[in-house]
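Undergrad: Need coordinates for the below:
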Amino acid sequence: MSQERGSERIFVFAPRGRDAELTRVLLVSNGLDTEICTSGVALISAIRAGAGCAVVTQEALGAELQTELATIFGAQPPWSDFPLVILSGGHHPLQPELGNVTVLERPVSPATLLTAVTASLRARRRQYQARAAIQQRDQFLAMLGHELRNPLGAIVLATEMVRSGSVDREKVASRLEMISRQAGHLARLVDDLLDVSRVTSGRLQLRREAVDVDEIVQSCIGALAARAAERQVTLHVEARCGAVIEGDAVRIEQVISNLLTNAIKYSSSGRTVSISSRCGNHQWELRIRDQGIGIAADMLPRVFDLFAQADGSLERSEGGMGIGLTLVDRLVRLHDGTVEVTSEGLGKGSEFIVRIPIGHAPGKPAAVEEPAPSGLAVHVVLVEDNEDLRELSEALLQSLGCEVTAAADGPHGLERILAEKPDLAVIDIGLPGMDGFAVARQVRARLGDSLLLVAVTGYGQAHDREHALAAGFDVHITKPMRTPAIKTMVERARTAVRGRRLSVVR
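TA: Predicted structure coming up:
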């Protein structure tokens, strides 16, 4: 069965008497698209073409027709289960292979027949929706593969070139920068995937604080300036808000960055992206207008849909998984705001308008200066089962003045921590032999609060952090670990060591 159209047309095959016409009149009078089949061949053709359901009298179902129907139904794709309503009373037994069958004993009341047919159509509609979801999933997986292979390909090639010695020293730095840039792109893809999962399932919570909107807009512009310059696109700030609002700074930055990235991506050389940030009527309004390729009228209502991708006119080579604007929409809604898009059509640019209530707008907290590095040694036990990551993390910790002991699984990690009583233990959660939670619980039971415990994991949802804290960890860090985060935890441990030594001297 082709099932290309997702039709809801009902086909009636009742060759004797007036059954077919009476059934058609009943269904049509209730707003259902109905057609009479004059032969078994016509019925088979209708089903193959993608009917919604079929109403057939039992006497019309000869053995040969049943066998052919059973063959067709047996070859249906996994999402499909064609509904067949049979008006009983004939002399031919029904083959069980017919599958999704509703049998109505005649005489059938109009209400009973109508109920059975509409129920069959509802079930068929859900099947078409399941098919659409499968197609959307497959399309997304294909896009995901494309998006992941691009940065991975660049990382692999750059790594091979550096390792082969075929590039001079000047280009080694360039290749390393490329690896760093593409690795960052991979991390953003993973973050977007995780974020869209959290917001669509209602598991993402905002951390509201004072947000200087001018500062955060400028930060986003600075972060994307190189990308804009590479495409010869000018970023122009038309207006500034000059206010502090209440919101989640990280998520507001994500909204601005996604919109700016989109505007730059779809703008050709020599064009300008304008940014306007204003406050009024107790709300903050952000407008990002580009002179890019624009959006077709039929695409406008769907730009915020999950995995929505415009056609080839949007240069599919530019990439994207169709989740950036979905994230924008969901994050703005979490702030009780709105986002809309306008465009006069393809080739005429587009404008995205975000409006978020200002809220109580508390005063902006004073910046906390990062403590200066100290020469005081910190004893660290690192427990990580990934060999490459363990080696790199160990080298970085050593470069920060740490004495490091490494372990590759839970039991050995626990053994080293209990034996060496370090100042800091950095523990992966997904360890062989004993997971990181179990390690942390036993360490706390044996050593108390004498050391700083840091959980490192690929799971970064709120309940994952709560689980880590409940197990005894002081800090929960989501992979990939960044150098600033590692420096912060080392300095925290160093401060604790310094405090303990001072208390001993006193």
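Undergrad: CA only for contacts and neighbour counts going forward, please
TA: Will do.
Undergrad: Buried residues of the helix or strand residue 103 falls within, list them for me.
TA: In this assignment (DSSP states H and E), residue 103 forms part of strand 101-104. Judged by neighbour count using 16 or more other CA atoms under 10 Å, the buried positions of strand 101-104 are 101, 103-104.
Undergrad: Using CSV, please lay out those residues together with distance to residue 117 and pLDDT.
TA: Below are the buried residues of strand 101-104 laid out as CSV (distance: CA to CA, whole Å; pLDDT from 0 to 100):
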residue, distance to residue 117, pLDDT
101, 11, 92
103, 11, 92
104, 11, 93
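Undergrad: and of those residues, the nearest to residue 289?
TA: For these, the residue nearest residue 289 by CA to CA is residue 101; the value is 55.7 Å.
Undergrad: can you pull the contacts of the closest one?
TA: Residues near residue 101 by CA atoms under 8 Å, 6 or more residues apart in numbering: 83-86.
Undergrad: Could you list which of those residues belong to strands?
TA: Taking DSSP state E as the definition of strands, the contacts of residue 101 contribute 84-86.
Undergrad: For those residues, which entry has the maximal number of neighbours?
TA: Comparing those by number of neighbours (other CA atoms under 10 Å), residue 86 comes first, having 23 neighbours.
Undergrad: Run through the bridge partners of that one.
TA: Assessed by DSSP bridges, residue 86 has beta-bridge partners residue 56, residue 103.
Undergrad: My guess is it contacts residue 99. True?
TA: No. Taking CA atoms under 8 Å as the definition, residue 86 is not a contact partner of residue 99, at 11.9 Å.
Undergrad: quick one on the thing from earlier: so which elements touch the helix or strand that the strand holding residue 103 is followed by?
TA: As assigned by DSSP H and E, the chain's next helix or strand after strand 101-104 is helix 110-164. Judged by 3 or more CA pairs under 8 Å, 6 or more residues apart in numbering; DSSP states H and E, the packing partners of helix 110-164 are helix 19-29, strand 53-57, strand 84-87, helix 169-200.
Undergrad: and the second one, C-alpha only, in PDB?
TA: In PDB, the C-alpha atoms belonging to strand 53-57 read as follows (Å, rounded to 0.1, in the frame of the first residue of the first chain):
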ATOM      1  CA  CYS A  53     -11.100   2.400   5.800                       C
ATOM      2  CA  ALA A  54     -13.400   0.100   4.000                       C
ATOM      3  CA  VAL A  55     -17.000  -1.100   4.700                       C
ATOM      4  CA  VAL A  56     -17.600  -4.500   3.100                       C
ATOM      5  CA  THR A  57     -20.500  -7.000   3.400                       C
END
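Undergrad: and the angle for that strand with helix 19-29?
TA: 150 degrees (axes from the mean of the first three to the mean of the last three CA atoms, to 10 degrees).
Undergrad: Give me the angle between strand 53-57 and helix 110-164.
TA: Using the same axes, to 10 degrees: strand 53-57 against helix 110-164 is 140 degrees.
Undergrad: Out of the contacts of residue 101, which is nearest to residue 417?
TA: After measuring the contacts of residue 101 against residue 417 - CA to CA - the closest member comes out as residue 83, at 63.7 Å.
Undergrad: Low-confidence regions, the stretch 251-400 of the chain specifically.
TA: Under the criterion pLDDT under 70, the flagged ranges of the stretch 251-400 of the chain are 306-322, 361-375.
Undergrad: Could you measure from the residue nearest in space to the middle of the chain over to residue 223?
TA: Central residue of the chain (CA atoms, centre = their mean): residue 193, 3.0 Å from the mean position. Residue 193 sits 21 Å away from residue 223, taking CA to CA, to the nearest Å as the criterion.
Undergrad: Next, the buried residues of stretch 7-26.
TA: Within stretch 7-26, the residues scored as buried using 16+ other CA under 10 Å are 7-15, 20-21, 23-24, 26.
Undergrad: how far is that stretch from where the chain is centred?
TA: 46 Å (CA atoms, centre = their mean, to the nearest Å).
Undergrad: quick check: mean pLDDT across that stretch?
TA: Mean pLDDT, stretch 7-26: 91.
Undergrad: got the end-to-end distance for it?
TA: 19 Å.
Undergrad: again with stretch 47-62
TA: 17 Å.
Undergrad: Next, the buried residues of it.
TA: Result for stretch 47-62 [16+ other CA under 10 Å]: buried residues 47, 49-61.
Undergrad: And for stretch 259-269?
TA: In stretch 259-269, counting by 16+ other CA under 10 Å, buried: 259-268.
Undergrad: biggest separation within the buried residues of stretch 7-26, which pair?
TA: Farthest pair in the buried residues of stretch 7-26, by CA to CA: 7 and 15, 23.4 Å.
Undergrad: mind checking how far residue 480 is from residue 28?
TA: 60 Å.
Undergrad: I meant to write residue 378 there.
TA: Distance from residue 378 to residue 28, by CA to CA: 81 Å.
Undergrad: which of those two has more neighbours?
TA: The neighbour count for residue 378 versus residue 28, taken as other CA under 10 Å, is higher for residue 378 (24 against 14).
Undergrad: quick one, phi psi at that one?
TA: phi -120, psi 130 (degrees, to the nearest 10).
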